[in-house]
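Undergrad: Predicted coordinates and the sequence they were generated for:
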Amino acid sequence: MDTLLSVIGIILILNTVVAIITVFKEKRDITATWAWLLVLNLLPIIGFGIYLFVGKKISKEKMFDLKMQERLGLDQLVELQKKQWKTEELLPEGLGTNEARQTVHLLLETDQAVLTKNNKVEIFTDGHEKFAALLADIDRAKHHVHLEYYSFFSDRIGKKILTSLENAARRGVKVRVIYDSMGSRGQKRNFFNELERLGGEAEPFFAYKKALIHSPRINYREHRKLAIIDGKIGYIGGFNIGDQYLSRSEKFGYWRDTHLRVLGNAVLGMQSRFLMDWNATIKNIRGKKQVKYSEDLFPLHLEKGNVGIQIVSSGPDSDVEAIKLGYLKLISRANDYIYIQTPYLIPDDSVLEALSVAASSGVDVKIMIPCMPDHAFVYRATQYYARDLIEKGVEVYTYDAGFLHAKTFVVDSQLSSVGSANLDFRSFKLNFEANAFCYDRVLAVKLKRLFEEDLEKCTKLTPEYFAKQSRWLTFKQYFSRLLSPIL
């Protein structure tokens, strides 16, 4: 018995030493460091298996490839706008408030996000309408189609879109597809064989081996949802490609999401983001050539739209959490209301404090989350933060008509944001995201009305609601919160 206890003691000591070495050999913020130490020490040996799948970072070589990609077509314009900002009004007429100007400058400085003003925007909240529009645009494409999605499943809608891509390739259209191997799990690489035979290209984002679709890493995923057709039409938002996004899932039922279809020069920002990701992904693949700047890829638009847009991206390849900083700026500049929709509510301390300060200052802060989990631990952490924010004066609602997957901000019927980034650690630090920050009263009012329509299908959470929950459920919420920096 004594020998067994000694062996166990030695194993625990070795586990602790190796855990410290493993966690500290890679640069992380302090909250994530302590969370991983907790996991590795509470779950000896097993914790290292979890770390392999969840905590392991992208190699320094691949991160360097991402950082070094040229921002095609936009570098010179960024420098010009930084100079113009000091002497000219860049925002659309009527939105040139000091707070809005500061938001533009913040995103210019932190993400080199060019502001464009001539955009027309269409909002989609239903998958059938979004995919019908996307398919029609692909079928009309003349020069190129670029898709970048976290999930591209080989189900009914996936096959339908693939067929349209193959038909485009037959017409001589250049087709390029980036998909995430983890987000598209279950799909096989030969799904794209015919497209590639026709001259199209499809690559998993930084897969370990070309022959494999899956990589074991759960973090550092390609979470963006972008589509660019002929450099003239762009899609950005929350919808992936899969049947569940058409409300065909028995588990989730109706799928409520938000996506934008954009006509105008904001599409050039999406194009630049896609090509940076594409060039980094295919850099070391034999036979693949990186894309260079051409006017066909970056055509100037003469649209008569009036929506100002900055396309903002963030990810672990940058030390600056640009989208989070944009969210913080929207929260801090609000005077009337802040309406947020997010499937995952796991804010870091800075966002949590900003929301609390806004609510305490008399701003109407409403947050909408799903009524059901798609990831158990994540949802329990979401419930913990919902309880915490309610105590600080924020109103939190659960959407009861299906699964809420939209990632939207709307502030004071002036500024808004729609994209792939949730209000959580993962979107801020661990995944690659893209959002459209929009400056337009009409668009903001439309998003506000959609939020208010959704409120009619919601339940408002109260302190009494949480008081009735079992101790076991409350424990799971508090425990999940401890792991929130790595969820």
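TA: Structure received. Numbering: from 1, shown residues only.
Undergrad: Let's verify the nearest residue to residue 395 once chain neighbours are set aside: helix, strand, or coil?
TA: The shortest distance from residue 395 to any non-neighbouring residue, by Cβ to Cβ, 6 or more residues apart in numbering, is to residue 366 (4.7 Å). Just so you know, the C-beta spots here come from the backbone N, C-alpha and C atoms, and that holds for glycine as well. Recorded secondary structure, residue 366: strand (DSSP: H, G, I helix; E, B strand; the rest coil).
Undergrad: hey, what's residue 366 bridged with?
TA: Residues in a beta bridge with residue 366, per DSSP bridges, are residue 339, residue 395.
Undergrad: Count the neighbours of residue 461 for me.
TA: Neighbour count for residue 461, taken as other Cβ atoms under 10 Å: 19.
Undergrad: The one 5 residues further on now?
TA: When counting by other Cβ under 10 Å, one arrives at 18 neighbours for residue 466.
Undergrad: And the strands in the stretch 51-200 of the chain, which stretches?
TA: 115-124, 144-149, 174-179 (DSSP state E, counting those that start in this stretch).
Undergrad: gap between the residue nearest to residue 395 and residue 440?
TA: From residue 366 over to residue 440 the distance is 21 Å, taken as Cβ to Cβ, to the nearest Å.
Undergrad: Also residue 481?
TA: Counting by Cβ to Cβ - residue 481 and residue 440 are separated by 37 Å.
Undergrad: Residue 239 now?
TA: Counting by Cβ to Cβ, the gap from residue 239 to residue 440 is 21 Å.
Undergrad: ok so, going back, out of residue 366 and residue 440, which sits in the busier spot?
TA: residue 440 (24 against 19).
Undergrad: from what I can see the more buried one touches residue 264, true?
TA: No: assessed by Cβ atoms under 8 Å, residue 440 is found out of contact with residue 264, at 11.5 Å.
Undergrad: what bits of this structure have low per-residue confidence?
TA: Counting by pLDDT under 70, the ranges of the chain that qualify are 1-97, 207-219, 303, 377, 482-487.
Undergrad: can I see the domain layout of it?
TA: 2-56, 62-92+118-305, 322-486 (automatic domain parsing).
Undergrad: Looking at these, which is nearest to residue 98?
TA: Of all those, domain 322-486 sits nearest to residue 98, with 8.9 Å by Cβ to Cβ.
Undergrad: burial of residue 245, as a residue count?
TA: 26.
Undergrad: show me what contacts it?
TA: Contact partners of residue 245, counting by Cβ atoms under 8 Å, 6 or more residues apart in numbering, are 127, 131, 157, 239, 255, 257, 405.
Undergrad: Weed out the non-buried ones from those.
TA: Taking 16 or more other Cβ atoms under 10 Å as the criterion, what is buried in the contacts of residue 245 is 127, 131, 157, 239, 255, 257, 405.
Undergrad: Which of those residues fall in helices?
TA: 127, 131, 157 (DSSP state H).
Undergrad: would you turn the residues you listed into TSV with distance to residue 415?
TA: Output for these, formatted as TSV (distance: Cβ to Cβ, whole Å):
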residue	distance to residue 415
127	26
131	28
157	32
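Undergrad: Identify, from those, the entry nearest to residue 412.
TA: Of these, the one sitting nearest to residue 412 (Cβ to Cβ) turns out to be residue 127, at 29.5 Å.
Undergrad: The nearest residue to residue 122 once chain neighbours are set aside and residue 342, how far apart?
TA: Nearest residue to residue 122 in three dimensions, chain neighbours excluded: residue 261, at 4.3 Å (Cβ to Cβ, 6+ apart). From residue 261 over to residue 342 the distance is 22 Å, taken as Cβ to Cβ.
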